[in-house]
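[1] Give me a 3D structure for the following:
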Amino acid sequence: MAEKTSSAKTASEKKTSPAKKNSGGFKRYFKELKGEFKKVTWPTWPALWKNTWVTIAMCAVVAAVVCVIDIGLDSLINLLLSI
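    As a prediction, the model looks like this:
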């Protein structure tokens, strides 16, 4: 019953040393990062400008909605406090 199978590992065998985890270090990380950036499909300038203006427009719309809600709630609170 105390026999170990070849696939069973002890707790000490499962642990990896910190040196093995960090093999390659920063050089390997940046090399892989460069490879990932090459896989990215970057937008064209016209698409970038279009998306930029859509983002700015949506920010303006959200700001206007928040402003209207703020003014409305401020008026409501002032009305309730003046009663």
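[2] where does this structure have low pLDDT?
    Scanning the chain for pLDDT under 70 picks out 1-23.
[3] residue ranges of the helices in it, please?
    Assigned by DSSP state H, the chain shows helices spanning 11-14, 18-21, 25-39, 45-82.
[4] could those helices be laid out in TSV, adding mean neighbour count?
    C-beta here means a position set from N, CA and C on the backbone, and glycine is covered the same way. Formatted as TSV, those follow (neighbours: other CB atoms under 10 Å):
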stretch	mean neighbour count
helix 11-14	7
helix 18-21	8
helix 25-39	9
helix 45-82	10
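[5] Residue 81 and residue 54, how far apart?
    41 Å (CB to CB, to the nearest Å).
[6] hang on, I meant residue 28
    38 Å.
[7] Same question for residue 67.
    Residue 67 sits 20 Å away from residue 54, taking CB to CB as the criterion.
[8] One more: residue 31?
    Distance, residue 31 to residue 54, by CB to CB: 35 Å.
[9] same deal with residue 75?
    Computed as CB to CB, the residue 75 to residue 54 distance reads 32 Å.
[10] and what of residue 35?
    Per CB to CB, residue 35 is found 31 Å from residue 54.
[11] next one: residue 40
    Separation of residue 40 from residue 54 (CB to CB): 20 Å.
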